[in-house]
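> structure for the following, please:
(chains A, B, C and D)
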There are 2 protein chains.
Amino acid sequence: MNSENKNLGIKELAILAEVSIGTVDRVLHNRGGVSSETKKKVLKIVEDSGYKKNIIASRLKLAATSVIRIAILVPETKNDSNYWSLPLQGVDAAVTELSVFGISAEYFFFDLLHPKSFGERIDPIIDGNFDAIITVPFFEAESNRLLARARKQDMPVVFLDTERTLNSKGNFIRQNSFIAGMVAGRLLHGLVGSQGIYFVVNIVNERGKQINNYQRENGFRAFFSENYKSDQIEIHVINHPMEGELDLTPEIQQAFQIAQPKGIFVTNARSYMLPRLLESNNIVNTRIIGFDLNQKNVAYLKSGAIDFLINQKPQYQGYCALKGLYKYLTEEEDSQLNMDIPVEIVVKENVSFFEND
Amino acid sequence: MNSENKNLGIKELAILAEVSIGTVDRVLHNRGGVSSETKKKVLKIVEDSGYKKNIIASRLKLAATSVIRIAILVPETKNDSNYWSLPLQGVDAAVTELSVFGISAEYFFFDLLHPKSFGERIDPIIDGNFDAIITVPFFEAESNRLLARARKQDMPVVFLDTERTLNSKGNFIRQNSFIAGMVAGRLLHGLVGSQGIYFVVNIVNERGKQINNYQRENGFRAFFSENYKSDQIEIHVINHPMEGELDLTPEIQQAFQIAQPKGIFVTNARSYMLPRLLESNNIVNTRIIGFDLNQKNVAYLKSGAIDFLINQKPQYQGYCALKGLYKYLTEEEDSQLNMDIPVEIVVKENVSFFEND
DNA sequence: GACAAAACCGTGTACGTTAACGAATGTAGT
DNA sequence: ACTACATTCGTTAACGTACACGGTTTTGTC
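Numbers count the residues shown, from 1 in each chain, chains lettered A, B, ... in the order given. Just a heads-up that it's a prediction; the model follows:
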């Protein structure tokens, strides 16, 4: 509590400790070459004075010689409207913002359908001597391998989009899918009521359901069992392949044909497939909630065919990951390496605010 | 398009233009003392090279000698849970984040009920030679006076919370209240339906309705006339004093007593007054939507007595205002002095994400 | 054409941090 | 006592920008 208000620098510290600037610097950076006696003396002054390094000056000096390099490993995208181009946009925005501070990103891609393609990127990244890695934990074994290798080199890893328990602690910046499911439950129940029938629709590729699909469904069910258990709400699950025809069981066919209001929860970004599908099967009186603000979803939201969308803010995830890593690497501050992205509720009237973030 | 990728500095510019660093600097800052010929030559190099000043180095140099000072003029708050302490929290956060860049804030307060108290702060602020002002445009005449005085001194002014047409152009960081009203309309109609009856409740102080109350009500009505005009939806307006008893006209009494679902839209932060009021009048089957995440509102949201809250993100407004001003004052970049704060929809399940922003 | 004043422009220093370099002292081995 | 080497620490030069200072050239005046 001596003089914490005045922002003093290394020079002042040096004077107080009666040593040179170089010695203070060696202590602050643990560069060695300082007797334990002087080290202790300097550390005491550092503590007492509440010294905080001036990152401006620090980055000015460092950016010139050593740029922070971050490896980004994400699913490859065929076109720019693909979901996976969005976190990249956020990363790019952060890189632009911070480039003067000396930071850069390099991109690596893998194939969502082939874990091996992810595994093959691990070596180049680790050998590339990057300062940190941003990726996505889709494949358990491969994610564990990446994490283990990165730990050995002291490279922090930030995982986006999905949380997954791994062998050692990773950092996650993603939306809580269970809560997102609960929110979907509340919104849909508000529209459909306890008399309605509910459908959870998983539109998945050949690798089947992902963690997010499961957790969103669990959250959705949890909402009903916590709030409307006694109402005996009927919930059907439909697993629909991404390509090809919908194979409706007779039971589900029947459920769809009743007159009561029907609530449909699509557990990923493909809710835009529903309106046409419902129409061609003459299914009416339906409400739909889905994820993500892709063009088709937004178009249906605006036309009224989709009622709610939940935004995962993929750009923001990429942006936060890069900024968080920067903060960690320059200030040892890890509080921004783990984030719960808000479950953002989007309707026709407020969609314009979110379309570009 | 020559070499826009390489971030080159004044020294390189000087070499290219075959002048000294000092001359380039004089050109860049319009400090005079340069012949129009060399000025032109330097400017050409500056343009071609896509030079961008290194703010890091710039602020390092400047922060030592001249700190940017910003005046904040907001309603006085009796306690910390008051709404008006929230933008201040955001300003504080931004000041902490940027203090190393050389920025500081000084606070001035006025009384929400007395325009004169606002007017009396104008002189001290203008005479204080601040670099910019952040305030709130509650009083038209006084806001115009402040803006006119500030313009003369080239002080930018950012207004928070409310948009208002003034004699000259000001900067606004606030939520679009009309759209917020439309969103409220959609959410409430989803719960209540076209068979229901709607109430717009303005809980106001002795100065009566504010701009935001009007615009939210207009937006609410617009939602229904755009989407459900033919349904002939019934909308009652209740103007309730902040203190004292609710004076329900017989007509409204009657509307409240019918069995149909009733939707209540509270146009400001005091929706927490409704649940008790409804209960003591034996009014049932109601849905409520209001604004702001104050403690009481959040408690009712969690208990289920309030269905939706709309977040204006007051902290974020303050944060953005300060950061936007910083960017403007250091980089002449005014794109962040005007912002449409997203209309954020909050329910019980996702309220935890927003409670502290 | 001499001289002062004005116009123009290069040099140098500082901001706080970083790290290379080398000076000074100590220790060990012959 | 000499060299060889390790330990500890001070000095100094950057990073890119900002600006004061003072030096050089041009212009104006009689």
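
> count of neighbours near the residue lying closest to residue A:194 once chain neighbours are set aside?
Spatial nearest neighbour of residue A:194, excluding adjacent residues (Cβ to Cβ, 6 or more residues apart in numbering or on different chains): residue A:231 at 4.1 Å. For every residue, glycine as well, the C-beta is placed using N, CA and C. Counted with other Cβ atoms under 10 Å in any protein chain shown, residues neighbouring residue A:231 total 12.

> list the helices and strands the host helix or strand of residue A:351 packs on?
If you go by DSSP states H and E, residue A:351 is part of helix A:351-354. When contacts are defined as 3 or more Cβ pairs under 8 Å, 6 or more residues apart in numbering or on different chains; DSSP states H and E, helix A:351-354 sits against helix A:295-303.

> please redo it, this time with the cut-off set to 10 Å
Judged by 3 or more Cβ pairs under 10 Å, 6 or more residues apart in numbering or on different chains; DSSP states H and E, helix A:351-354 is in contact with helix A:295-303, strand A:308-311, strand A:344-346, strand B:339-341.

> was I right about the residue nearest to residue A:194 contacting residue A:197?
No: judged on Cβ atoms under 10 Å, residue A:231 makes no contact with residue A:197 at a distance of 11.9 Å.

> did I read that right, residue A:287 in a strand?
Yes: looking at residue A:287 with DSSP: H, G, I helix; E, B strand; the rest coil, it is inside a strand.

> ok so, going back, if we compare the helices and strands packed on helix A:351-354, which one ends up closest to residue A:84?
When the helices and strands packed on helix A:351-354 are compared by Cβ to Cβ, helix A:295-303 sits nearest residue A:84, at 15.0 Å.

> tell me what that closest one is packed against?
If you count contacts as 3+ Cβ pairs under 10 Å, 6+ apart, helix A:295-303 packs onto helix A:274-280, strand A:286-291, strand A:308-311, strand A:344-346, helix A:351-354.

> mind redoing it with 8 Å?
Using 3+ Cβ pairs under 8 Å, 6+ apart, helix A:295-303 is in contact with strand A:308-311, helix A:351-354.

> export these to TSV and tack on distance to DNA strand C?
Output for those, formatted as TSV (distance: least, Cβ to the nearest atom of the strand, whole Å):
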stretch	distance to DNA strand C
strand A:308-311	38
helix A:351-354	38
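
> most tightly packed of these?
strand A:308-311 (a mean of 25; mean count of other Cβ atoms under 10 Å in any protein chain shown).

> that one: partners in the sheet, and parallel or antiparallel?
Take DSSP bridges as the rule and strand A:308-311 pairs in its sheet with strand A:286-291 (parallel), strand A:344-346 (antiparallel).

> run through who's touching it.
Here strand A:308-311 makes contact (Cβ atoms under 8 Å, 6 or more residues apart in numbering or on different chains) with A:180, A:183-184, A:187-188, A:271, A:288-293, A:297-298, A:301, A:343-347, A:351, A:354.

> distance between that strand and the chain's centre?
16 Å (Cα atoms, centre = their mean, to the nearest Å).

> just after it, pick out the following helix or strand.
Scanning forward in sequence from strand A:308-311 by DSSP H and E, the next helix or strand is helix A:314-331.

> using CSV, write out every CA atom in that next one.
In CSV, the C-alpha atoms belonging to helix A:314-331 read as follows (Å, rounded to 0.1, in the frame of the first residue of the first chain):
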residue,chain,number,x,y,z
PRO,A,314,-18.6,-18.3,-33.8
GLN,A,315,-16.8,-15.2,-34.9
TYR,A,316,-16.7,-14.0,-31.3
GLN,A,317,-15.3,-17.3,-30.2
GLY,A,318,-12.4,-17.0,-32.6
TYR,A,319,-11.9,-13.4,-31.6
CYS,A,320,-11.9,-14.2,-27.9
ALA,A,321,-9.5,-17.1,-28.4
LEU,A,322,-6.9,-15.1,-30.1
LYS,A,323,-7.2,-12.1,-27.7
GLY,A,324,-7.2,-14.4,-24.7
LEU,A,325,-4.0,-16.1,-25.9
TYR,A,326,-2.4,-12.8,-26.5
LYS,A,327,-3.2,-11.7,-23.0
TYR,A,328,-1.9,-15.0,-21.6
LEU,A,329,1.3,-15.0,-23.6
THR,A,330,2.1,-11.4,-22.9
GLU,A,331,0.8,-10.9,-19.4
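
> give me the mean pLDDT for it.
Helix A:314-331 shows a mean pLDDT of 95.

> same question, stretch A:45-53
In this model, stretch A:45-53 has a mean pLDDT of 92.

> ditto for stretch A:70-85
On average, stretch A:70-85 scores 87.

> which residues touch it?
Around stretch A:70-85, the neighbours that count as contacts under Cβ under 8 Å, 6+ apart are A:87-88, A:91, A:103-112, A:118, A:121, A:125, A:128, A:130-136, A:138, A:146, A:160, A:269, A:292, A:294-295, A:314, A:322, A:325.

> report the buried residues of that stretch.
Buried residues in stretch A:70-85, defined by neighbour count with 16 or more other Cβ atoms under 10 Å in any protein chain shown: A:70-75, A:83-85.

> starting at the chain centroid, how far to that stretch?
Its chain's C-alpha centre and that of stretch A:70-85 lie 14 Å apart, by Cα atoms, centre = their mean.

> stretch A:170-185 now?
Distance, centroid of stretch A:170-185 to centroid of chain: 10 Å (Cα atoms, centre = their mean).

> kindly state the beta-bridge partners for residue A:175.
When assigned by DSSP bridges, residue A:175 has beta-bridge partners residue A:341.

> tally of neighbours for it?
By other Cβ under 10 Å, neighbour count at residue A:175 equals 27.

> name the residues of stretch A:137-149 that are buried.
Those would be A:137-139, A:142-147, A:149, for stretch A:137-149 by 16+ other Cβ under 10 Å.
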